[in-house]
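>>> No sequence on hand, only this structure:
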């Protein structure tokens with residue numbers, strides 16, 4: 001019974017599949033071959049019938065003598081079953097013809113891709129990030145500016161992950177020197193994991209590169225774009241989270257303005273998110289230095305909602321309000 005049940009299921013599924021297929025969408029790859037073979041079979045059948053008609057019949061050789069059938073004997077209706085085999089054959093001929101013609105259905109698959117940006121996130125892990133920054137709209141692990149920067153980077157990552165775009169993301173951190181934590185990848189979960197790891201109080205406590213050299217992080221970020229051959233292509237973005245408390249404007253004989261000019265020529269605009277709590281522009285001594293630097297990199301001039309308006313601003317200092325969260329969508 002189990003075998004019979006499975007057979008019935010297969011038959012029902014096959015019939016349902018046939019009913020779903022429309023003749024208008026079928027393409028027959030071997031229709032000419034099928035028609036030719038059917039023509040040959042029909043010709044052979046007609047030739048056989050004609051040959052039997054013309055075949056010379058002789059009594060005793062081609063005829064069989066039978067005793068007379070009495071009129072009282074009724075004809076059996078079961079005799080019609082002798083044509084059953086021929087009926088099955090006749091019903092199978094159309095299916096054979098269709099199968100021989102090799103029916104095919106068109107298969108279409110569409111893949112929509114959204115080319116994303118190439119974004120390098122840079123976290124300031126220096127000792128100056130110990131200053132207080134109370135962010136009520138972000139989930140931080142502490143009240144220091146470093147943990148706010150980490151939470152902001154995570155928020156930015158989740159915003160990009162929720163969209164349709166396939167960004168290439170990288171993560172760097174810096175103190176006196178800059179370090180590549182995770183190179184460019186589309187594995188956004190890996191970037192989130194890396195942010196979470198470097199952003200724990202334990203790991204930050206182990207980070208012994210206590211100084212702040214922002215220019216070094218910018219140089220390392222641009223070098224990463226160059227390593228992956230991403231220079232001079234649209235969609236690049238370097239986003240740095242720092243308190244901006246660093247006035248070093250030269251590195252290995254190169255001035256900050258030269259590095260920013262290289263960034264502009266290479267189409268790698270720089271955005272700086274200055275994490276100084278309740279401090280307007282000019283409240284940090286080096287604000288003017290870094291504002292002019294990031295503007296020289298060629299970032300667009302869109303102004304995030306909830307941030308203080310500065311003409312031509314690419315340097316964002318936002319109060320810790322819900323409105324300032326729209327910044328990440330603008331930058332992204």
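Great, that's in hand. These figures come from a predicted structure and were not determined experimentally.
>>> Compute the number of surrounding residues for the spatially closest residue to residue 176 that is not a sequence neighbour.
Nearest in space to residue 176, with sequence neighbours left out and distances taken as C-beta to C-beta, 6 or more residues apart in numbering, is residue 211 at 3.5 Å. For glycine as for every other residue, the C-beta is placed from the backbone atoms N, C-alpha and C. Using other C-beta atoms under 10 Å, residue 211 is surrounded by 14 other residues.
>>> do residue 87 as well
Residue 87 has 11 neighbours, counted by other C-beta under 10 Å.
>>> now it, what's its secondary structure?
helix (DSSP: H, G, I helix; E, B strand; the rest coil).
>>> Look up how far residue 46 lies from it.
The gap separating residue 87 from residue 46 is 20 Å, by C-beta to C-beta, to the nearest Å.
>>> now do residue 228
Distance of residue 228 to residue 46, given as C-beta to C-beta: 75 Å.
>>> The two - which one has more neighbours?
For residue 228 versus residue 46, the count of surrounding residues by other C-beta under 10 Å is larger for residue 228: 14 against 10.
>>> mind checking how far the spatially closest residue to the more buried one that is not a sequence neighbour is from residue 178?
Nearest residue to residue 228, sequence neighbours excluded (C-beta to C-beta, 6+ apart): residue 184, at 5.3 Å. Separation of residue 184 from residue 178 (C-beta to C-beta): 15 Å.
>>> Residue 202 too?
21 Å.
>>> Tell me which of the two has more neighbours.
For residue 202 versus residue 178, neighbours defined as other C-beta under 10 Å are more numerous around residue 178 (21 against 7).
>>> and that one, bridged to which residues?
residue 174 (DSSP bridges).
>>> Hmm, residue 217 and it touching each other?
Yes - with contacts counted by C-beta atoms under 8 Å, residue 178 reaches residue 217, the gap being 4.2 Å.
>>> Let's see the pLDDT reported for residue 317.
You'll see residue 317 listed with a pLDDT of 47.
>>> One more: residue 296?
89.
>>> which residues touch it?
Residue 296 makes contact with 257, 260-261, 263-264, according to C-beta atoms under 8 Å, 6 or more residues apart in numbering.
>>> Separate out the buried members of those.
260, 263-264 (16 or more other C-beta atoms under 10 Å).
>>> just those now: which is nearest residue 192?
residue 263 (26.2 Å; C-beta to C-beta).
>>> Which residues does stretch 82-94 contact?
Taking C-beta under 8 Å, 6+ apart as the rule, stretch 82-94 contacts residue 38.
>>> What are the buried residues along that stretch?
Buried residues in stretch 82-94 (16+ other C-beta under 10 Å): none.
>>> pLDDT averaged over it, what's the number?
80.
>>> Does residue 245 lie in a helix or a strand, and which?
Under DSSP states H and E, no helix or strand contains residue 245.
>>> Tell me the spacing between it and residue 136.
Distance from residue 245 to residue 136, by C-beta to C-beta: 23 Å.
>>> out of the two, which sits in the busier spot?
Ranked by neighbour count (other C-beta under 10 Å), residue 245 and residue 136 place residue 245 first, with 20 against 8.
>>> show me the contacts for the nearest residue to that one once chain neighbours are set aside.
Once flanking residues are discounted, residue 245 sits nearest to residue 128: 4.7 Å by C-beta to C-beta, 6+ apart. Residue 128 sits next to 212, 243, 245-246 when contact means C-beta under 8 Å, 6+ apart.
>>> How is residue 128 assigned, secondary-structure-wise?
Quick answer, by three-state DSSP: residue 128 is helix.
>>> do you know how far it is from residue 22?
70 Å.
>>> Common neighbours of residue 178 and residue 217, please.
Counting by C-beta under 8 Å, 6+ apart, the common neighbours of residue 178 and residue 217 are 122, 172.
>>> ok, back up a step: doesn't residue 118 make contact with the residue nearest to residue 228?
Yes - between residue 184 and residue 118 there is a contact under C-beta under 8 Å: 6.4 Å.
>>> Find residues that contact each of those two.
Common neighbours of residue 184 and residue 118 (C-beta under 8 Å, 6+ apart) are 168, 170, 228, 230.
>>> Could you export the residues you listed to JSON lines, including columns for pLDDT?
Listed next are these as JSON lines, based on pLDDT from 0 to 100:
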{"residue": "168", "pLDDT": "92"}
{"residue": "170", "pLDDT": "95"}
{"residue": "228", "pLDDT": "93"}
{"residue": "230", "pLDDT": "91"}
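>>> I am finished for the moment; much appreciated.
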